[in-house]
Structures are given as C-alpha cells and as structure tokens.
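Student: how does the following fold in three dimensions:
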Amino acid sequence: MSRTARGAQKVTARPAEGDLSTWWGKLVPPPGLVRRLSLQSVLFKTGDGVFMTGSAVFFTQVVGLSMAQIGLGLTIGEVLSGIVAISAGRLADRIGPKRAWALGGVLCAAVFAAWPFVEGFAAYLLMVTLYSVVENAADAGRQAYVLDVLPTAERIRSQAYIYSAMNAGSTFGALLGGIALAFDSTALMRWLPFVTVAVFLVNALFVARLPGAPRDLRTREEARVRPEGPSALANRGYLALQFCMGSLWTNQTLLSVLIPLWLVTETDSPHWLLAWLFGTNTVLCIFLPQFTSSGVRTLGDGLRRVRWSAAFFMLSCLITMVTHSTTGLITGLLVWLGHLTVTAAELATGSAGWMFQARLQDPRRRGEYASVGGLLSQLGGRWAPALYTWLAMSWQHVGWMLIGLIVVIAAAGAHPAMRAAERFAEEEFPVEVELGSIS
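Tutor: Numbering: from 1, shown residues only. Next comes the predicted model:
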C-alpha cells in the first residue's frame, strides 16, 4: 500500500471534531474496573440519598428532635469521629483497603437498621457518632483502594467518572426519597431507613466482589507488619494543603446554604428558582467532570485548577452580591450565573484534589492519608456556614468580598503547601510500582 493511501486511511479513521459518539464516550466509563467502581458509586449514593432527602422529617417526627438538637448532634458526632479517624485509616492500611471498605459498608447498613428504633437525643448522638466513624473508615478504604488498583495515568480520569456517578446516585436517591415524602406518612418515614439498609448491603457485597488491591493480597504475616515510612501527621505540607483545600471546598456552602438563603431573604427572585439552581448544579456535576479534569496531568496542573477555583469563587461572590440592588429578570439571571460560576469552582477544586491525592500520598499509608486529609479538609471548611452567613447578611457587599478573599488566601496558601508536600514525597516515599489495568 502506498504512503498516500495509508495517510488517507488514517484521515478517514479519525473521529470528526465534535463527533457525538466521541462526546458520549467521554461520559460513559470504559468497560472494566472503572465502570464497576462507577456503578458502585451510583449504588452507594442512591442508598445515602434516599435517607438524606427525608432525614429532617425523620429526625423531627420519628426520633422527636428539634432542629437545634439535630445540628448539635451532627457537630458532636463529627468531632468524636474525627478523633478516631486516623486510627480508622491505619486500620485500612493494615487489613487492606478493600476489606476495610467492605466491612465499613456492612457496618453502615447495621447502623441504619437501628435508626427506626432510636428515640431521644442521647440515642441519636450515639448513632450519629457511630455512623460517622464507620462511614469515615469505609471512605478511607475506598479512597485507598481506588488509588491502589488504578495506574497513575488513569487515576484522574477515573476519579472524574466516579464523581459523576456519585452525583447521579445522589440525584436518583433524592427522587426516591422525595416519593416517600410525598405520602406524608410518619409510619413510612420510620421504616424508610430499611431501604438504605438493603442498598448498603448490596453495596458491601458489590465491593467484596471487586478484585483485591495489592495490599489485600498480602499474607496474614505481612498484614501484621506496621506500614513503613513516616506517619501522614509528619507531612506538614500535606496537612496544610488539605486544610487549604477544605477552605476551597467551602464553595459547597455557597451552593447549598448562602446563595439560596440570599435569594430568599435579600432578592425579589421567586423561590422556585432554587429548584432550577440545584438542578443546574446537579446536571453539570454529572456531565462535566470528565471534560473539566481532562487537562490535569501534573501537580502544576493541579495548582492551576486551584487558581481557577479561587477565581470562579470570587466571581460568584461579586455577581451574587450585586443582586441585592437589581430587580426582576436581571436578578434571576445573575443569581443563576453566580450559581454557575461557583459550580465551576467546585469542578476545578475536585480535579485539583484528585491530582494531589494521586501524587502526594505515601502508597504504603494511603488509608491513613485519606483519613488525615479528610479531617484537615473538614477543619478547613467546617466554620464556613456560620461565618459566611454572618458576613453576607450583616456586611452585605463588604461581606461578600471578604468571603471571596478568604478563598483567594486559601488558594495562595495551597501553593507553598503543595511544594512542601512534593518535597516530602520525593524524600520519603518509595518509587511506586506501576500497575497495569485491573479488570
């Protein structure tokens, strides 16, 4: 065959720019382990979403709590679970990430099975603390497993598929929970947790049937040996980076708390616009992660996404704050645009975080790093709902600019923190053995 003919064949075989099949191919996980992990994410978040949608009704009408008691219990539960988070992560490193993940899934189901029989604040506090502990342990195992079984070049792309799947599962679960709420039956709400129990048990079985990660395949004698290398707590750069990322993740406070509250109390927009805002965010976070994370290949790319996140966050603050002085259709469009820009901040933060997890965690201690990182991320953003609400509602325009400035400062701090974590990794981490794809 002539060189010209071969060239013509290549041109013919190349997908056309904007080909629908190519676009759709980016949305659907490829066959194999990534697709199985994505299906698991849909399954778990469906079970979680069913209960979370009606949780306020369940806790007030079934358990008999006030809204203040619910909030206090959640806060205390998270603090207490944070105390044992590092131990839970270390357990995942010792027994293997898949085992820790599957065991955590079973324990999560067990906690939900007890919810219909809980009465009073003391029992509620005990159960919410237990759930926080076992859910954190399961998530530490999940994060470590995903990084253990996926080759370096596939990690960011795969995390994007999983993130999209989680959003899809949460949406489906919320629809099921909404159907249950529509019956307006206290008896139905009392037994709704058993739907989550059933889904969580299937989820645990699904996880148990996944292929073992390298650390799941160790002998019993090897598993008894404590992982080598320094503790995650010694990696001060990584701790600081995760704290800064937690502050960047306060875009969730803008999405779910501050912008909706601002729309209701400080603008003339109709309240039904809230449904449009949340719907837009959900759709974008299902369909866009693959595209917004496609250019993240290095730690420098991750830092670039950090800067993008801060820029979009600040832009959202500036757009939203001016709606205090606008009216009618203009207000609605600006609020929607503010929600779009903070969604862009969410997507940028996600792709940056996946890169940092993939490159800056000790492969021997990924469970510990996942737990420590989650704890520092919570510390970096747990204060946001109260502070942001006070700043925006009390100081108006100045408050919104201060909110944006907080995130800009966090993004600036992430740069030296990431470089310090990178130096620590170069000095302390072993060379990671590159794996092939596991089906």
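
Student: show me the shaky parts of the chain.
Tutor: 1-25, 218-225, 433-439 (pLDDT under 70).

Student: what's the longest helix in it?
Tutor: Counting residues, the longest helix in the chain under DSSP state H turns out to be helix 384-428.

Student: in contact with V199, which residues?
Tutor: 43-44, 46-47, 50 (CB atoms under 8 Å, 6 or more residues apart in numbering). Glycine gets a C-beta too; all of them are placed from N, C-alpha and C.

Student: and what of E266?
Tutor: Contacts of E266 by CB under 8 Å, 6+ apart are 323-324, 393.

Student: same list (these) but as JSON lines, adding neighbour count.
Tutor: Listed next are the contacts of E266 as JSON lines, based on neighbours: other CB atoms under 10 Å:
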{"residue": "T323", "neighbour count": "23"}
{"residue": "H324", "neighbour count": "14"}
{"residue": "M393", "neighbour count": "14"}
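
Student: so which helix or strand takes in the nearest residue to V57 once chain neighbours are set aside?
Tutor: Nearest non-adjacent residue to V57, counting by CB to CB, 6 or more residues apart in numbering: M189, 5.6 Å away. Assessed by DSSP states H and E, M189 sits inside helix 186-191.

Student: in that helix, what's buried?
Tutor: Residues 189-190 are the ones in helix 186-191 that count as buried (16 or more other CB atoms under 10 Å).

Student: in CSV, could you pull the C-alpha coordinates for that helix?
Tutor: C-alpha atoms of helix 186-191 as CSV (Å, rounded to 0.1, in the frame of the first residue of the first chain):
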residue,chain,number,x,y,z
THR,A,186,-44.8,9.1,59.6
ALA,A,187,-45.1,5.3,59.6
LEU,A,188,-43.5,5.2,56.1
MET,A,189,-40.7,7.5,57.2
ARG,A,190,-40.0,5.4,60.3
TRP,A,191,-39.2,2.4,58.1
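
Student: buried residues in the helix or strand just after that helix?
Tutor: Next helix or strand after helix 186-191 toward the C-terminus (DSSP H and E): helix 193-208. Neighbour-count burial for helix 193-208 flags 193, 195-197, 199-204, 206-207 (criterion: 16+ other CB under 10 Å).

Student: next one: A425 from A232, what distance?
Tutor: Separation of A425 from A232 (CB to CB, to the nearest Å): 12 Å.

Student: more neighbours: those two, which one.
Tutor: A232 (25 against 17; other CB atoms under 10 Å).

Student: quick one: that one and Y369 touch, right?
Tutor: Yes - with contact taken as CB atoms under 8 Å, A232 and Y369 are classed as touching, separated by 4.7 Å.

Student: okay, and the common contacts of those two?
Tutor: Listed as contacting both A232 and Y369 by CB under 8 Å, 6+ apart are 89, 238, 361-362.

Student: so A352 touches T298, yeah?
Tutor: No - contact criterion CB under 8 Å: A352 and T298 do not qualify, at 11.4 Å.

Student: pull the contacting residues for V335.
Tutor: Contacts of V335 by CB under 8 Å, 6+ apart are 259, 262-263, 267, 269, 273, 277, 320, 323.

Student: name the nearest of these relative to A412.
Tutor: Each of these was scored against A412 by CB to CB, and T320 proved nearest at 22.3 Å.

Student: what helix or strand does the residue nearest to that closest one when sequence neighbours are not counted sit in?
Tutor: Leaving aside its sequence neighbours, T320 sits nearest to G338 (CB to CB, 6+ apart; 3.9 Å). Using DSSP H and E, G338 sits within helix 328-360.

Student: can you pull the buried residues of whichever strand or helix holds F51?
Tutor: For F51, the host element (DSSP H and E) is helix 33-53. For helix 33-53, a neighbour-count test (16+ other CB under 10 Å) marks 33-38, 40-53 as buried.

Student: three-state assignment of E228?
Tutor: coil (DSSP: H, G, I helix; E, B strand; the rest coil).

Student: quick one, phi/psi of it?
Tutor: Backbone torsions of E228, given as degrees, to the nearest 10, read phi -80, psi 170.

Student: when you give positions from now on, start the count at 3
Tutor: Sure thing, new numbering starts at 3, so read that last one as E230.

Student: gap between it and E430?
Tutor: Taking CB to CB, one finds E230 at 10 Å from E430.

Student: what about the two, which has more around it?
Tutor: E430 (12 against 9).

Student: residues touching the more buried one, list them.
Tutor: Going by CB under 8 Å, 6+ apart, E430 touches 231-232, 237, 364.

Student: any of those buried? List them.
Tutor: 231, 237, 364.

Student: could those be laid out in CSV, adding distance to A312?
Tutor: Listed next are the buried ones among the contacts of E430 as CSV, based on distance: CB to CB, whole Å:
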residue, distance to A312
G231, 32
N237, 23
D364, 28
